[in-house]
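In: sequence plus predicted model, see below.
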Amino acid sequence: MNNDLKSVMNWLGSPVDMKRLSARYPDYLNSPLVHLAICTVNSDLLSILLQYGADVNALNARWFNLLVLAACKKMVNDRVGLVQAILLEWGAEISLPWDIVHTLQVQEGRALSDKDAFIQVTKQCGNTKLANLISSEFGGRRCEVINLPNHPQLNGKTCVVEKYIAKKIKYKIIFEGSGNAALVGPDNLKRRDRTPLDCGYYISFKRGKMTRHEFANKGECQAYVSSLGGGDVTAGTAEELSSLKL
């Protein structure tokens, strides 16, 4: 809670102790480490924990997931938006505890889906930008471009969806690596959430210094993570490596 990243990294160990990675803080709603990264708005710690294989949909004792906690953070600075973006790109689910959904349904006098209820809560917390982003299917998500016969060289490329333009029925996307922007239709995207072996970038923390490594493709990412050996590769990561096809 003191945002002491060095102490956290030393405590996790190398190779990472998976029991410690999923450890919980009893005095803070039995929250796992990833929740504390949200509470302290530490995007670097959040990314590192997810790279190690932490659960992006972990719940605390109140049945709040990470995205709920991030959505309830007031947008006082860009760090909150960065944390929200990381969660969406890693596949965080849009869901709320049933009692909150029920309360909203009583207030509205109508049935609400989890997503509709989540958007309402997000707006009530003053995060209109996030609410607008998640109102569309792919908003904020990491995706793969598909079905572009006129631009076959772009098929298979990864991107992050910046926003949905309703008038054009198009999504504005930003390609990973190049940072180039494009407009594509809903049929030209499929979700490709970040995973430890397909994360697009990797943040390492050594000798008190943070370093960000960017990858041009999944192969480069796999090669880099595998080269870390026992230092950073978890059992789940090894299983993922064997199942992925380049």
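Out: Structure's in. What do you need?
In: quick one: contacts for the residue of the chain most remote from its centre?
Out: Using CA atoms, centre = their mean, the residue of the chain lying farthest from its centre is residue 109. It sits 32.8 Å away. Counting by CB atoms under 8 Å, 6 or more residues apart in numbering, residue 109 makes contact with nothing. C-beta here means a position set from N, CA and C on the backbone, and glycine is covered the same way.
In: quick check: phi and psi on it?
Out: Backbone geometry at residue 109, expressed as degrees, to the nearest 10, gives phi 70, psi 30.
In: equivalent analysis for residue 68, please.
Out: phi -60, psi -50.
In: let's see the pLDDT reported for the residue farthest from the centre of the chain.
Out: We have a pLDDT of 91 for residue 109.
In: what do you get for residue 245?
Out: pLDDT at residue 245 comes out at 33.
In: residue 3 too?
Out: 84.
In: need the contact list for the residue nearest the centre of the chain.
Out: Nearest to the geometric centre of the chain sits residue 87, at 2.3 Å (CA atoms, centre = their mean). Residue 87 makes contacts with 46, 56, 66, 67, 70, as judged by CB under 8 Å, 6+ apart.
In: now those as JSON lines including secondary structure?
Out: Formatted as JSON lines, those follow (DSSP: H, G, I helix; E, B strand; the rest coil):
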{"residue": "46", "secondary structure": "helix"}
{"residue": "56", "secondary structure": "coil"}
{"residue": "66", "secondary structure": "helix"}
{"residue": "67", "secondary structure": "helix"}
{"residue": "70", "secondary structure": "helix"}
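In: my read: residue 37 touches residue 46, true?
Out: Yes. Contact criterion CB atoms under 8 Å: residue 37 and residue 46 qualify, at 4.0 Å.
In: where along the chain do the helices fall?
Out: 5-12, 18-21, 33-39, 43-52, 66-71, 78-89, 98-108, 114-124, 128-134, 218-227, 235-243 (DSSP state H).
In: and the residue lying closest to residue 51 once chain neighbours are set aside, how far is that from residue 97?
Out: Residue nearest to residue 51 in three dimensions, not counting chain neighbours: residue 196, with 5.5 Å by CB to CB, 6 or more residues apart in numbering. As defined by CB to CB, to the nearest Å, residue 196 lies at a distance of 28 Å from residue 97.
In: these two: who's more crowded?
Out: The neighbour comparison of residue 196 against residue 97 (other CB atoms under 10 Å) goes to residue 196, with 23 against 16.
In: now the residue farthest from the centre of the chain: how far from residue 38?
Out: Noted for residue 109: a distance of 32 Å to residue 38, by CB to CB.
In: could you do residue 161 as well?
Out: Residue 161 is 22 Å from residue 38, by CB to CB.
In: so between the two, which is more surrounded?
Out: Set residue 161 next to residue 38 and count neighbours by other CB under 10 Å: residue 38 wins out with 26 against 23.
In: residues contacting the nearest residue to that one once chain neighbours are set aside?
Out: Excluding its sequence neighbours, the residue lying closest to residue 38 (CB to CB, 6+ apart) is residue 69, at 4.5 Å. Listed by CB under 8 Å, 6+ apart, the contact set of residue 69 reads 35, 38, 39.
In: try residue 123
Out: residue 131.
In: ok, now which ones touch residue 94?
Out: Applying CB under 8 Å, 6+ apart to residue 94 gives the contacts 67, 114, 115, 118, 134.
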